[in-house]
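Trainee: Predicted model, plus sequence, below.
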Amino acid sequence: MTTQTIVYFKNGLGNFIEMTPSMIAVASMDPSGKVDVLLDPQWIDSRREAFEDILRNWDIIEDVIMFPKDQIKKDYTRWFYSKHTEESEGLKLFEEKAPLFGQRINWKRGLVNEIDYYMNLAREQGFKQPTPPQSCPLADTPILADGLKIGLCNGAFGIQRDAKQWYYFKRLSEVLKLWYTNCTIIKIGNGKELSEVDTGIDYVGKLSMTQTAKVISQLDLLITTDTGNMHIADALNIPQVVLWGPTLVSKNGPRNHTSTLVRTQLPCQPCQYTNKFTGCQTRECMRGITIGDVMHHVRKRLA
């Protein structure tokens, strides 16, 4: 049966993982049990490849359609999108088709988590069941060896990388090896982060998104900053120690009780959606998180 629902999204990987419950919800209301997704060809940054990999491997996706609108062959009855997304011609088309759908939101007020925001949109379109869990498809490989496995991730996209990164992963990896002599430390992410860290397995920039998710699914613990991989671990219920700095916990904090947030609790936190987020010269909220702080919570999580 042909799907009658089309979804639009253009944002970060973590934002997409938080949108997956609402996509599952609207798919459940479609006669086909699936949705189509529209992608804008202007979206050419590194997030696009990860996003497409997830779509190709997720069983609720029927078709991936490329804008412009003359390539849209079906007569859709439901246009599902969020005003919390990046501007593009594709977004304009959705706003033409469903102009009164959804509302923009002031995240700084700290009143709603992004998962709940998307779910409210699904409920606007008639979904009445409990919120589905977050989701991320897994590749078949790689398969990690037995034994204690600790993942490290320090990545983020674009200007957010400078704001969110932590500075002491090299020393942390050395302490982890001394404390847990039988552990394998695994680096994940995309780009050049953690290049200074000597670990047992280096997967940074070497795996697809669903392969990275497969690695995360096998970890005993992930130590990470606020990244897309943090949200994947949250979706997979993998224990985490999350090093949290300038961003809004209320909006993007992990939902599962398997995660521990480590913060410096400075009065300037959070500064997301202010000029300080990109203009801060000291990053004390991240520099102030010590090796001792992290190891305290690592030992509690692995106890």
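Mentor: Done, it's in.
Trainee: When you work out contacts or count neighbours from here on, use the C-alpha atoms and nothing else.
Mentor: Fine.
Trainee: which residues of the chain fall in helices?
Mentor: With DSSP state H as the criterion, the chain has helices at 13-29, 46-57, 89-97, 114-124, 160-164, 169-179, 209-217, 228-235, 249-252, 275-279, 284-287, 291-302.
Trainee: As a markdown table, these with distance to residue 80 would be great.
Mentor: A markdown table is the format used below for the helices of the chain (distance: least, CA to CA, whole Å):
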| stretch | distance to residue 80 |
| --- | --- |
| helix 13-29 | 8 |
| helix 46-57 | 16 |
| helix 89-97 | 8 |
| helix 114-124 | 8 |
| helix 160-164 | 27 |
| helix 169-179 | 40 |
| helix 209-217 | 24 |
| helix 228-235 | 22 |
| helix 249-252 | 20 |
| helix 275-279 | 30 |
| helix 284-287 | 36 |
| helix 291-302 | 38 |
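Trainee: Indicate which one of the ones you listed is closest to residue 197.
Mentor: helix 169-179 (4.6 Å; CA to CA).
Trainee: quick revisit: now that we have the helices of the chain, can you turn them into TSV and tack on mean pLDDT?
Mentor: Putting the helices of the chain into TSV (pLDDT from 0 to 100) gives the following:
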stretch	mean pLDDT
helix 13-29	97
helix 46-57	92
helix 89-97	92
helix 114-124	96
helix 160-164	80
helix 169-179	96
helix 209-217	98
helix 228-235	97
helix 249-252	94
helix 275-279	87
helix 284-287	96
helix 291-302	97
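Trainee: Which segments of this protein make up each domain?
Mentor: Per automatic domain parsing, the structural domains of the chain span 5-124, 149-302.
Trainee: Columns distance to residue 63 and mean neighbour count on top of the helices of the chain, output as a markdown table?
Mentor: Output for these, formatted as a markdown table (distance: least, CA to CA, whole Å; neighbours: other CA atoms under 10 Å):
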| stretch | distance to residue 63 | mean neighbour count |
| --- | --- | --- |
| helix 13-29 | 13 | 22 |
| helix 46-57 | 9 | 17 |
| helix 89-97 | 16 | 17 |
| helix 114-124 | 20 | 19 |
| helix 160-164 | 31 | 20 |
| helix 169-179 | 40 | 15 |
| helix 209-217 | 18 | 24 |
| helix 228-235 | 23 | 25 |
| helix 249-252 | 28 | 17 |
| helix 275-279 | 37 | 14 |
| helix 284-287 | 41 | 18 |
| helix 291-302 | 41 | 14 |
